[in-house]
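Colleague: Got a predicted structure here, sequence first:
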Amino acid sequence: MSVQETRIGPGGGLEFDRVWALYSADGKWVNGKSTAAIHQIRATFAPALRSVSLSAPGPGYDLPTREIAFPSDTTAAAEWFSAFFKQEILVRHAAEGFPDDQIRNGPMVISTATLMTVCEWFPEIDLEESRRRFRTPLEIDGVPAFWEDRLFRESEEDAMPFRIAEVHFEGTNPCPRCIVPVRDLRNGSDIIGFEKRFSTLRRAQWPDWARTPERIKHFYHLGINTRVAPTEVGKILRVGDAVSI
């Protein structure tokens, strides 16, 4: 969902972003990387994120829609997800979120023009679907495609500082993508050859000015990972804020 403003949460990501995590009984994450069935679930959030309505309208699922207090009522959420997956599911909440990468703790950054370029590569994908597939919390408008590739340097230790409004970030590296962007986010079906075609076009359109450090082993990546210091927690980001490097 899109919001007009947000805060930097206690873990360095955006407030409320990825604050729920689903686990199987053996303690493993249940997410789109491991479980394609998760794409059948619809989550509709109430204003101010006070509740979420979970439903599964696809064929083969007859679960009733359930409204659950978000993010506090993990017990009710676990009941619904357990019924959906037909196995015990635990739902955990952490205000600091559950990022894929604990070191690169900040929100990923991408430009609107980059997402639109992906739509040109794959005409079956529109802008909203491109956003859903790549799941990038911060989107920069008014810049050319792949502008975000300016936000990293030859070494991750030598991070690229930049600022959005009063929030300070460090750009660290291009984000390698997983299996999720290959799939239609509404039904989980694959675009055959997506990864290979994406990588070929990404390499062909790599900007002349962009850095190609040795740590980039392939071109199936999009968006820039960031780090955020504890000093930035609680600061506000708003739509329309200026970006400066």
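Modeller: Now that the structure is in, tell me what you want to look at. Numbering: from 1, shown residues only.
Colleague: buried residues in stretch 192-209?
Modeller: Within stretch 192-209, the residues that qualify as buried are 194, 198, 201, 202, counting by 16 or more other C-beta atoms under 10 Å. Where C-beta positions appear, they are placed from N, C-alpha and C, glycine not excepted.
Colleague: Kindly report the same for stretch 181-192.
Modeller: 181, 182, 183, 185, 188, 191.
Colleague: Also stretch 18-29?
Modeller: 18, 19, 20, 21, 22, 23.
Colleague: hmm, who's touching that stretch?
Modeller: Outside stretch 18-29, the residues within contact range by C-beta atoms under 8 Å, 6 or more residues apart in numbering are 9, 30-31, 34, 70-71, 74, 77, 81, 87-99.
Colleague: and if we set it to 6 Å?
Modeller: Here stretch 18-29 makes contact (C-beta atoms under 6 Å, 6 or more residues apart in numbering) with 30, 71, 81, 88, 89, 90, 91, 92, 93, 97, 98.
Colleague: quick one: contacts for the first one?
Modeller: The contact partners of residue 30, by C-beta under 6 Å, 6+ apart, come to 22, 24.
Colleague: what about it, distance to residue 242?
Modeller: Noted for residue 30: a distance of 39 Å to residue 242, by C-beta to C-beta, to the nearest Å.
Colleague: Ok, the last one next?
Modeller: When C-beta to C-beta is the yardstick, residue 98 and residue 242 sit 30 Å from each other.
Colleague: More neighbours: which of these two?
Modeller: residue 98 (19 against 8; other C-beta atoms under 10 Å).
Colleague: mind checking how far the nearest residue to residue 87 once chain neighbours are set aside is from residue 102?
Modeller: Leaving out its chain neighbours, the residue that sits closest to residue 87 by C-beta to C-beta, 6 or more residues apart in numbering is residue 24, at 6.6 Å. Noted for residue 24: a distance of 21 Å to residue 102, by C-beta to C-beta.
Colleague: go on, residue 94?
Modeller: Taking C-beta to C-beta, one finds residue 94 at 12 Å from residue 102.
Colleague: Kindly report the same for residue 126.
Modeller: 33 Å.
Colleague: neighbour count winner among those two?
Modeller: residue 126 (13 against 9).
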